[in-house]
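Student: Would you be able to build a 3D model of this:
(chains A and B)
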Amino acid sequence: LADDPRFYVPPKGEEKKNYRETPAFLYNRNCRFIEGTKQACFLTKSVRYDGMPESVQQLIDKFEVPDESRLVQKAILKSQIWDSTREKLPKRRDPEYPRYKIDREYGIPLEKRLNMLSFDLLRMADTAIASQYPEIGRSRRLIFYPNGMATFFKYSDSLLSFYLGIDAAITSTSPLPPFVPEELVESSSSEAIPSLYPISPTIDFLKTNNYNLKNSIGFSEISCKFPHTLILLNNDDWSEDERQARALVTAMGLAVAQVKKTYPGIKDRLPTPISVQVINMSETTMNFTYFQLNTIDFDNSEAGVKNFVWFDTGNVLFERRLPQPWKRDKILETSLENLDLDPFKKLLATVGNCAELEDSSTQFKEKLIEL
Amino acid sequence: MALSIFKQTFSLLRSSSLTNVFCSSERSYRLAAYRSRRKFKTERRPFHYVPKGHPVLPPDGKYTTEPLTYIRSGGRDLNGKVVNAKIGGGPKVNWYMRDDHYPEAEETQGLEEKVLRIHPDPIRTAHLALVGTGNHKRYIIAHQNMKEGDIIKTNRDIPTISVRAMEGNSHPLGALPMGTIVHNIEKIPGEGGRVCRAGGASAQVLRKVGDKVILRLPSKHEIALSFNCMATVGQVSNSGHDDIPWKGVGEKMSAGYRPRTGWHHRKTGYHGKKIKPKRTFIVKPTPPKYETYKLSGD
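Tutor: Reported below is the predicted structural model:
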């Protein structure tokens, strides 16, 4: 009777592992914020700006790649058409004519397309920056699929724990300088954040009694321990707003994990602000977020100094039109149209941020060692 | 000895007063429950009644906003045979748990909720609305003029002066003025809404008599309910879903209805049976038909 699967009773929460009496709210990569960036800004107590910060916008035309359009087109075609994998793609229903049954297609799966395109573009960006500042090879490190990023803190009588999932990370020996001078940081205490009254920002978190609390950065603490940029690949069919909210929260989580290691007892304002960049990549579009952490006090949403966020959404590299076979001889195959090179230039600017500093600092250190 | 062991183990799974049997599987239990219900005739349904399908509920029994699978019956009974040949086929749909219960609210202040999303329900005629407060989200029935960003209140107070009824808010029936349009009404206070849940349905509050409130239902039948029953103000969404005619057999088949012969005709008064008007509702208690005597102990 105890082994009969017809009468299987699943174990209760008290019998599962890691049971604690007080419940906690868990955040995951699959947490979909229902209000989007508004909810994320309220959680992280950050003021929102649209566009890129000035220090990054000056670097747009600084780095050049010879034969830019040809190389970008090559990277796109390599990931979309020239690759030789042939797998069954998922079923597809078109919202224009939902009752039409489309034949099953074979081709390259989404994960492989994303990985190939994004890492090809990153490689091109690295070579372009290294041609001007060759000492970057020693001061930076590119990590694929880092593991173990997690933080936790208290938010208005409830415990939050974050487990972050990142696809690639660029780390450096020197931290990023803040995007904004200190005068604006102090004047931000007078600005207001829009409130979500009947809803709390932890509405999409998972509430459980079985959890583990952990605080770690994820990459080594000996060399290259400061995060520079994070790269997230969007496998889901979320909206751009929800993807940007996810990018914000991952940046915040990493920054808080770093703060807890360097300043263990801090509760309010930091002596020097920490800044992190995030790049969101889907098949056709790229989004950028720039986050600057000034305080850890997330409870008071009105009083005190606030953090800053810059959102740059909707940068379309190319358009991908899917086949609609009921239209007879017009659209029978996927077609790629409308190449735009502006998002690639923005990518160069974000990855090349603070390259002069690292170049000069490594030269300085080498001269010290020689002495 | 073995029978008593069976009874102890399997009767603990479900505790209902109607079926006092021991069963070897859930299917045989449902068969016995179905037959016992038919014996006592607690539900008036024709013999060829079969529901269109049932959802697969989570084993916790807790409320979730995630979509669940819906298994269609195909017109088949518990025995596995075709009992209703006009049901069959249809698309695979998601079934959403809709919360028809009214939440508890503080006194004089009430509970405020915000409307987050509105979308049509694949298996019901009324639209669904996602609604949230604090850390809890739930699905409810959407009324006619609902928009994203609205704020909804629930109040359980019954003041002496009737409340000004705003669309979407929910009050007990004793607090509403006469003539309000209302849906998702409770029959027994605390049970959950049962009346007027389909697309376009609505009931009207007529008058108050003593301890009860009289409503007119969409079938023009009148009913008396207690003051403490909750209801929401407004009309249910998607009111014109009846007016759109079917295009043909193909559209019906793709929705889950199988064809029937064109041999039936609706009966009118010409065929001998009279079509009578509905009965009016009588509130006063009727006197008994027999005489009563009081026996005194003098």
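Student: What's the mean pLDDT across stretch A:92-99?
Tutor: Predicted confidence along stretch A:92-99 averages 87 (mean pLDDT).
Student: where exactly do the helices run in the chain?
Tutor: Defaulting to chain A. For chain A, applying DSSP state H gives helices covering A:37-44, A:54-57, A:68-77, A:110-132, A:136-139, A:182-187, A:240-262, A:342-351, A:355-370.
Student: think we crossed wires, I meant chain B
Tutor: B:2-11, B:26-40, B:249-253.
Student: can you tell me which of the ones you listed the model trusts least?
Tutor: Note on the helices of chain B: helix B:2-11 shows the lowest mean pLDDT, a mean of 44.
Student: Give me every residue in the stretch 1-150 of chain A lying close to chain B.
Tutor: Where proximity means Cβ under 8 Å from any Cβ of the partner chain, the interface of the stretch 1-150 of chain A facing chain B comprises A:1, A:6-7, A:10, A:25, A:34-35, A:99. Every residue, glycine included, has its C-beta placed from N, CA and C.
Student: just the buried members of these?
Tutor: For the residues of the stretch 1-150 of chain A next to chain B, burial is judged from neighbour counts taken by 16 or more other Cβ atoms under 10 Å in any protein chain shown, and it is met by A:25, A:34-35.
Student: need those residues in TSV with distance to residue A:109, can you?
Tutor: As requested, these are exported to TSV (distance: Cβ to Cβ, whole Å):
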residue	distance to residue A:109
A:25	33
A:34	29
A:35	32
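Student: quick one: which of those residues sit in strands?
Tutor: Of these, the ones assigned to strands by DSSP state E are residue A:25.
Student: Neighbours of the nearest residue to residue B:63 once chain neighbours are set aside, how many?
Tutor: With sequence-adjacent residues excluded and distances taken as Cβ to Cβ, 6 or more residues apart in numbering or on different chains, residue B:63 is closest to residue B:97, at 6.0 Å. A count of neighbours around residue B:97, defined by other Cβ atoms under 10 Å in any protein chain shown, yields 16.
Student: same check, this time on residue A:98
Tutor: Counted with other Cβ under 10 Å, the burial measure for residue A:98 works out to 9 neighbours.
Student: For it, grab phi and psi.
Tutor: According to degrees, to the nearest 10, the main-chain angles of residue A:98 amount to phi -70, psi -20.
Student: For the residue in chain A that chain B sits nearest to, give me its contacts.
Tutor: Residue nearest to chain B within chain A (Cβ to the nearest Cβ): residue A:198, separated by 4.5 Å. Contact analysis of residue A:198 by Cβ atoms under 8 Å, 6 or more residues apart in numbering or on different chains lists B:112-114, B:132-134, B:151.
Student: what does residue A:43 give?
Tutor: Residue A:43 sits in contact with A:155, A:201-202, A:249, A:252, A:298, where contact means Cβ under 8 Å, 6+ apart.
Student: now residue A:195: how far from residue A:38?
Tutor: Taken as Cβ to Cβ, to the nearest Å, the spacing of residue A:195 relative to residue A:38 amounts to 9 Å.
Student: which residue packs closest to the residue nearest to the spatial centre of chain B, ignoring adjacent ones?
Tutor: With distances taken as Cα atoms, centre = their mean, chain B has residue B:194 as the residue nearest its mean C-alpha position (3.6 Å). For residue B:194, the nearest residue in space outside its immediate sequence neighbours is residue B:187; the separation is 5.5 Å by Cβ to Cβ, 6+ apart.
Student: Check residue B:56 too.
Tutor: In this structure, residue B:56 finds its nearest non-sequential neighbour in residue B:69, 4.9 Å apart by Cβ to Cβ, 6+ apart.
Student: One more: residue B:167?
Tutor: Closest residue to residue B:167 apart from its sequence neighbours, by Cβ to Cβ, 6+ apart: residue B:234 at 4.3 Å.
Student: how about residue 234, phi and psi?
Tutor: This is for chain A. phi -90, psi 100.
Student: The intended chain is chain B.
Tutor: Backbone torsions for residue B:234, taken as degrees, to the nearest 10, come to phi 120, psi 180.
Student: Now do the contacts for it.
Tutor: B:143-145, B:167-168, B:181-183, B:202.
Student: Pick out the most distant pair among those residues.
Tutor: B:145 and B:182 (15.1 Å; Cβ to Cβ).
Student: Neighbour count for these two, which is higher?
Tutor: Under the criterion of other Cβ under 10 Å, the comparison of residue B:145 against residue B:182 puts residue B:182 first, with 23 against 11.
Student: Leaving out sequence neighbours, find the closest residue to the spatially most central residue of chain A.
Tutor: Nearest residue to the geometric centre of chain A (Cα atoms, centre = their mean): residue A:247, 3.8 Å. If the residues on either side of it in the chain are set aside, residue A:247 comes closest to residue A:278, at 4.2 Å by Cβ to Cβ, 6+ apart.
Student: now residue A:93
Tutor: Leaving aside its sequence neighbours, residue A:93 is closest to residue A:102 (7.3 Å, by Cβ to Cβ, 6+ apart).
Student: Same question for residue A:78.
Tutor: In space, residue A:78 comes closest to residue A:116 once its chain neighbours are excluded; the distance is 6.3 Å by Cβ to Cβ, 6+ apart.
Student: show me the contacts for that neighbour.
Tutor: When the contact criterion is Cβ under 8 Å, 6+ apart, the partners of residue A:116 are A:75, A:78-79, A:83.
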